[in-house]
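# no sequence for this one, just the structure:
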C-alpha cells in the first residue's frame, strides 16, 4: 500500500513528465510565400499592389472580424466607401493559406474626420485607402488581416496611385494607428513592428510600376 509521500512523489513526477502544451496555433501571421502565395495582390492589370500592412492574428479577436476592422478603421481616420458604392472590380490575393486567390473583404477610405460622408471627399480629392484580405485557410488559419494600403491622387489625376504612394500610404496608416485610439465606445492600443524585406524592393510586378521599399508593417491591436 502506498503511503502519502509515495502518492505525492508520483503526482509530482506526472506533472513534470506531462507538462501542459502551449497553443502553437496562435500566430501573428504566416508568410504568404510559404505555401505559394504572394505579398502582392492581383490588381487585374498584370501587376499587383503590395500587402504592406498586416494586422496580427494575435490582436484582440473582435478586431479581426468584418465589423471589428471597420470600427478600428474609423478610430484611425478611415471608413467604408462613399454611400456604400464601389467603383471598379475588386482585387484578389493569395495569402498562402490554402484558399487560393480570394477577393478583398472590404475596401476602406480616408474619411477626413467624417465617418458618414467623408470618404466621398477622398473619392474627389484623393487620400489614403486600403483593401482587406483575411488569412484563414486550412494551411494558415491565423485570422490575420493583410492590407493593401496606398495613397491616391484626386479625380482629375484619374484617381490613380500617387508617386511613392504605396510606401506613403502604409506609413500614414501606421502613424495614425499606433498608440491609443478609440471609436464607437471601443479603445484600442496598437503597436507596430517593421517586417523588413518580406517582398522584393523595386517596381517589378507592382501595379502602375511604382517602386516599393520591400517592407511591411505588423500591427498588433489590443482592445483595452
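Cool, the structure landed. These numbers were taken from a predicted model, which means no experiment stands behind them.

# Do you have the helices of this protein handy? List them.
4-17, 66-75, 118-125, 165-177 (DSSP state H).

# residues contacting the residue lying closest to residue 216 once chain neighbours are set aside?
Spatial nearest neighbour of residue 216, excluding adjacent residues (Cβ to Cβ, 6 or more residues apart in numbering): residue 195 at 4.4 Å. In this view, the C-beta of every residue, glycine as well, is placed from N, C-alpha and C. Contacts were defined as Cβ atoms under 8 Å, 6 or more residues apart in numbering; by that measure residue 195 touches 54, 215-218.

# Among the helices of the chain, show the one with the smallest mean pLDDT.
Sorting the helices of the chain by mean pLDDT places helix 4-17 lowest, at a mean of 33.

# What is the distance between the biggest strand by length in the chain and the centre of its chain?
Longest strand in the chain by number of residues (criterion: DSSP state E): strand 186-195. Here strand 186-195 is found 11 Å from its chain centre; the criterion is Cα atoms, centre = their mean, to the nearest Å.

# Over to stretch 36-44?
Centre-to-centre, stretch 36-44 and its host chain are 14 Å apart (Cα atoms, centre = their mean).

# could you measure the closest residue to residue 183 other than its chain neighbours against residue 219, distance?
Closest residue in space to residue 183, ignoring its immediate chain neighbours: residue 75 at 3.7 Å, by Cβ to Cβ, 6+ apart. Look at residue 75 and residue 219: by Cβ to Cβ, to the nearest Å, they are 12 Å apart.
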